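S.K.: predicted coordinates and the sequence they were generated for:
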Amino acid sequence: MPRLRVGRIGRDGNPEPAEPPSPTQHTPAAIAAPANIPNASRDDRDLIERVQARLISEMEEGGQQASQYNQRISTLVGEELERGGRLVPERERARIARLAQFELLGFGPLEELLADDSISEIMVNGPNQIWVERGGKIVESNVRFADEDHVRRIIDRIIAPLGRRCDETSPMVDARLPDGSRVNVIIPPLCLNGPTLTIRKFSKKPLKAQDLITRGSASAELVEFLRACVISRINVVVAGGTGTGKTTMLNVLSSFIPADERIITIENAAEIQLQQRHVVTLESRAANVEGRGEISMRDLVINSLRMRPDRIVVGECRAGETLDMLQAMNTGHDGSMTTLHANSPRDAIRRMETMVLMSGMDLPIRAIREQIASAVDLIVQLERMQDGSRRITQVTEIVGLENDVVAMQDLFVFQHQGMRDGKIAGKIIPTGLRPQFMDQIQQHNLSLSPQIFGSNGLPFKS
């Protein structure tokens, strides 16, 4: 179900046409009471309440089509202004109409934040604190809710079309909006701040490799190397902390997969935005209120092996599915990719060991490390810097098992060069070491210059 988006104000001062609401969403019960609307005067609130009463009456009589709700609200606002004798400019009338549309059909105070493409995350800490992330920095917005009930109404309006509910029996919800944005809700008594809502927005246009270069997240040489790795079916793990851009990096890497390969993506909440046509997207399912019907990530990874995949892309390994992912990489599904939370490549190895043990299999640690060393070829480490920028800080090759320890070598590392104008200065540079899987790259008829690895000489050619 598409999320409602109210149009912007046109040059004539009137709202531009907005996306029509779905007829299944806007029943009389779905029109929440607009009392105490923030950022609105008492007169505006009274007017919107009258518009609400008339709109619900028309809906009950069946006199209005769902596709006309936004325009009808604008008309009713004009009629109520004239009836009350309020003379306001067209721009002010459009502002009041937009407030009414947001409150009666949209997501209330959050609408303007959702429409702002510069905002990547919205964090509602109860009715009086709404924080946003813009440009990698978290700042407090001037938007407010009226009270906790107002927050709860908007939460219900967000998750109800998704077939979810949030109440005392189910006080935590993790869901996905139709546009791909990820939503997490937690309410009292688990959260003492009041109803807390977190929305991670995703760009309408997925970032491309050139965007990483332009933003300084990677060098052109590194991107060329990563492209060759993906095409030549090197198994890649993207590691980093929360909010470091792991999913964005996975999207960029996945864009290098040839169009003639069958790709299966597996995620808790579908966030990967692949541009290829032959893609099957799988999404796990939480248990219902009775505790039944759960489909875990591990179930999906196991099932994907029966779907004839050329590549398996797991959005994030969190638990026992890590073992199945490693086994898939070791049994003919080369070129697979996943992400995980880790602060360094060595930490990523430890995390994989721990998550394999979470599968319930009583495996000796050496057997687990053998699986990791055999399955994973490359770890791309990400970090969110002090200035909010996301950078690739290490590209590390796993070269095997030595004395029961997974051996690694850094191919690229980020070199810090201090701060300039409040921004982190530095660049990713090669270490001079060449990957041991260079023959595999050459077998795919790819050519990489030795300069990429900090060497001199003629380029490699197959």
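M.R.: Arrived safely. None of these values were measured; they are calculated from a predicted model.

S.K.: give the contact list for the closest residue to N330 other than its chain neighbours.
M.R.: Spatial nearest neighbour of N330, excluding adjacent residues (Cβ to Cβ, 6 or more residues apart in numbering): A375 at 4.8 Å. Heads up, the C-betas are built off the backbone N, CA and C, glycines and all. Shown in contact with A375 (Cβ atoms under 8 Å, 6 or more residues apart in numbering): 235, 325-327, 329-330.

S.K.: so which residues of the stretch 301-450 of the chain form strands?
M.R.: Secondary structure of the stretch 301-450 of the chain (DSSP state E, counting those that start in this stretch): strands at 311-314, 337-341, 378-384, 390-402, 405-420, 423-430.

S.K.: go through these and pick out the most buried.
M.R.: strand 311-314 (a mean of 26; mean count of other Cβ atoms under 10 Å).

S.K.: how is this structure carved up into domains?
M.R.: For the chain, automatic domain parsing gives the domain ranges 1-105, 107-203, 209-453.

S.K.: could you tell me the end-to-end distance of the longest one?
M.R.: For domain 209-453, the first-to-last residue distance is 19 Å (Cα to Cα, to the nearest Å).

S.K.: quick one: low-confidence parts of the stretch 151-300 of the chain?
M.R.: 289 (pLDDT under 70).

S.K.: quickly note the distance from the residue sitting furthest away from the middle of the chain to D43.
M.R.: Distance from the C-alpha centroid of the chain peaks at G85, with 47.4 Å (Cα atoms, centre = their mean). Noted for G85: a distance of 11 Å to D43, by Cβ to Cβ, to the nearest Å.

S.K.: also Q273?
M.R.: In terms of Cβ to Cβ, Q273 sits 44 Å off from D43.

S.K.: for the residue nearest to R176 when sequence neighbours are not counted, give me its contacts.
M.R.: Nearest residue to R176 in three dimensions, chain neighbours excluded: A269, at 4.3 Å (Cβ to Cβ, 6+ apart). The contact partners of A269, by Cβ under 8 Å, 6+ apart, come to 174-176, 182, 283, 315.

S.K.: related to what we said a few turns ago, let me see the confidence value for the residue farthest from the centre of the chain.
M.R.: Looking at G85, its pLDDT is 71.

S.K.: next one: the one 10 residues further on
M.R.: We note a pLDDT of 74 for R95 in this prediction.

S.K.: ok, it - how many residues close by?
M.R.: For R95, the count of nearby residues is 19 (other Cβ atoms under 10 Å).

S.K.: a helix runs through it, doesn't it?
M.R.: Yes: under DSSP: H, G, I helix; E, B strand; the rest coil, R95 sits within a helix.

S.K.: distance between the ends of stretch 127-143?
M.R.: End to end - Cα to Cα - stretch 127-143 spans 9 Å.

S.K.: centre of the chain to it, how far?
M.R.: Per Cα atoms, centre = their mean, to the nearest Å, the displacement of stretch 127-143 from the mean C-alpha position of its chain is 18 Å.

S.K.: buried residues, that stretch. List them.
M.R.: If you call a residue buried by 16 or more other Cβ atoms under 10 Å, then stretch 127-143 has these buried ones: 127, 129-130, 132-133, 141, 143.

S.K.: same check on stretch 83-103?
M.R.: Buried-residue list, stretch 83-103, by 16+ other Cβ under 10 Å: 93-103.

S.K.: quick one on the thing from earlier: tell me which of Q273 and D43 has more neighbours.
M.R.: Q273 (20 against 13).

S.K.: now that one: how far from I368?
M.R.: For Q273, the distance to I368 - Cβ to Cβ - is 32 Å.

S.K.: what's the answer for L177, then?
M.R.: 37 Å.

S.K.: V413 too?
M.R.: Following Cβ to Cβ, the distance that separates V413 from I368 is 27 Å.

S.K.: can you map out the strands along the stretch 101-250 of the chain?
M.R.: Under DSSP E, counting those that start in this stretch, the stretch 101-250 of the chain gives strands at 119-125, 130-134, 137-140, 172-176, 182-186, 196-200, 236-240.

S.K.: for the first one, C-alpha coordinates in CSV please.
M.R.: Output for strand 119-125, consisting of C-alpha atoms alone and laid out as CSV, is shown next (Å, rounded to 0.1, in the frame of the first residue of the first chain):
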residue,chain,number,x,y,z
ILE,A,119,17.0,13.3,6.2
SER,A,120,18.1,9.7,6.4
GLU,A,121,16.7,8.8,9.8
ILE,A,122,13.9,10.0,12.0
MET,A,123,13.9,9.2,15.7
VAL,A,124,10.8,10.0,17.8
ASN,A,125,11.6,9.8,21.6
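
S.K.: that one pairs with which strands, and in what direction?
M.R.: strand 130-134 (antiparallel), strand 196-200 (antiparallel) (DSSP bridges).

S.K.: and the angle for that strand with strand 182-186?
M.R.: Per axes from the mean of the first three to the mean of the last three Cα atoms, to 10 degrees, the angle that strand 119-125 makes with strand 182-186 is 10 degrees.

S.K.: next one: the second one
M.R.: Angle between the axes of strand 130-134 and strand 182-186 is 150 degrees (criterion: the same axes, to 10 degrees).

S.K.: for strand 130-134, which outside residues touch it?
M.R.: Contacts of strand 130-134 (Cβ under 8 Å, 6+ apart): 109-110, 113, 116, 118-125, 138-141, 143-145, 243.

S.K.: likewise the first one?
M.R.: With Cβ under 8 Å, 6+ apart as the test, strand 119-125 has contacts from 110, 113-114, 130-134, 138, 145, 151, 193-201, 243.

S.K.: residues contacting Q276?
M.R.: 257, 259, 261, 263.

S.K.: and those residues, which is closest to L162?
M.R.: Checking these against L162 with Cβ to Cβ, the nearest one is I263 at 25.2 Å.

S.K.: ok, that closest one to K246 distance?
M.R.: 18 Å.

S.K.: give me the element R98 is part of.
M.R.: According to DSSP states H and E, R98 maps onto helix 90-105.

S.K.: show me what that helix is packed up against.
M.R.: helix 42-61, helix 69-83 (3 or more Cβ pairs under 8 Å, 6 or more residues apart in numbering; DSSP states H and E).

S.K.: make CSV from the ones you listed and add distance to R164 to it.
M.R.: Putting the helices and strands packed on helix 90-105 into CSV (distance: least, Cβ to Cβ, whole Å) gives the following:
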stretch, distance to R164
helix 42-61, 24
helix 69-83, 23
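
S.K.: among those, which is nearest T431?
M.R.: The nearest among the helices and strands packed on helix 90-105, by Cβ to Cβ, is helix 69-83 at 57.5 Å.

S.K.: much appreciated, bye for now.
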